[in-house]
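> Can you look at this prediction? I've put the sequence above it.
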Amino acid sequence: MLEPYGIAALTDVPPSQLQGTVQDTDRFLPGFSALRDRLADADPAAAFEALDAFLTSRVLGGVRHRTRVDERTQAAVALLTEEDIPVAELSRRLGISPSTLQRIMMRDCGITPKSYADVCRFYRFVNAAAQLPAGSASGGELLALADYYDQPHLIRTFRRFSGFTPSEYLRLIRQHGPDYATFVPLETPTAVR
């Protein structure tokens, strides 16, 4: 699993320049498009092996001079991954100001602590919801499970991260199984809403 600050080991492009954008992969991982094209018809095992070799060569090739991530960023990521913590509380636990936390997270991860907390909360919810027995996902149950303050907030957040409502998503999970909690195969791609 790649930590949110892991991209720094693979590219010279600062993470803050990648956040919130859609970019050609070759801009920050030169040669990736050629690899993708070469592996378009490869079996999955060969494709993953080639991808691993490509990424390993980037890391071992010393792509980035500064791959050392601030230990406070690492601690913030670890805490946010495990629990939903307000930024002020997280800053207090780390012994730094909220503005310093924001600055180091943007530098090292390309994302604010609040945005990363939102992603982590969504990830925890999706995985927990995928484990619910079929037919037991009422709006109230989902809201309690998600730890969101109201149903519209849950639905907006869910659509933002997945493109689906919670009930649409759970229907797909039931169809494809709980292993697809973070990846739902679609027959036709949907537009980002």
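On my side now, so go ahead.
> alpha carbons only for contacts and neighbour counts from here, please
Noted.
> list the contacts for the residue nearest the centre of the chain?
Centroid check for the chain by CA atoms, centre = their mean gives residue 119 as the closest residue, at 6.2 Å. By CA atoms under 8 Å, 6 or more residues apart in numbering, the contact list for residue 119 reads residue 161.
> tell me the contacts of residue 130?
Listed by CA under 8 Å, 6+ apart, the contact partners of residue 130 are 170, 173, 174, 178, 181.
> Now the second one: which helix or strand?
Pointing back at residue 173 there. Counting by DSSP states H and E, the element that carries residue 173 is helix 166-176.
> and that helix, average pLDDT?
Averaged across helix 166-176, pLDDT comes to 79.
> Tell me how this structure divides into domains.
6-60, 71-111, 116-180 (automatic domain parsing).
> Show me how far the last one is from its chain's centre.
In terms of CA atoms, centre = their mean, to the nearest Å, the gap separating the centre of domain 116-180 from the centre of its chain is 15 Å.
> Kindly report the same for the shortest one.
Averaging C-alpha coordinates over domain 71-111 and over its chain gives two centres that are 16 Å apart (CA atoms, centre = their mean).
> May I have the distance across that domain, first residue to last?
Domain 71-111 has its terminal residues 16 Å apart, counting by CA to CA, to the nearest Å.
> that older thread, can you put the contacts of residue 130 in CSV and add distance to residue 56?
CSV is the format used below for those (distance: CA to CA, whole Å):
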residue, distance to residue 56
170, 36
173, 33
174, 36
178, 30
181, 28
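> Quick one: the helices in this protein, in order.
With helices called from DSSP state H, the chain shows them at 25-28, 32-38, 44-60, 71-82, 87-94, 98-109, 113-130, 139-146, 151-162, 166-176.
> Now the shortest one: average pLDDT?
For helix 25-28, the mean pLDDT works out to 84.
> Contacts made by it with the rest, please.
Counting by CA under 8 Å, 6+ apart, 11, 12, 13, 32, 33 sit against helix 25-28.
> So residue 87 versus residue 41, what's the distance?
Distance from residue 87 to residue 41, by CA to CA: 45 Å.
> no, scratch that, I was asking about residue 96
50 Å.
> swap in residue 131?
Distance of residue 131 to residue 41, given as CA to CA: 33 Å.
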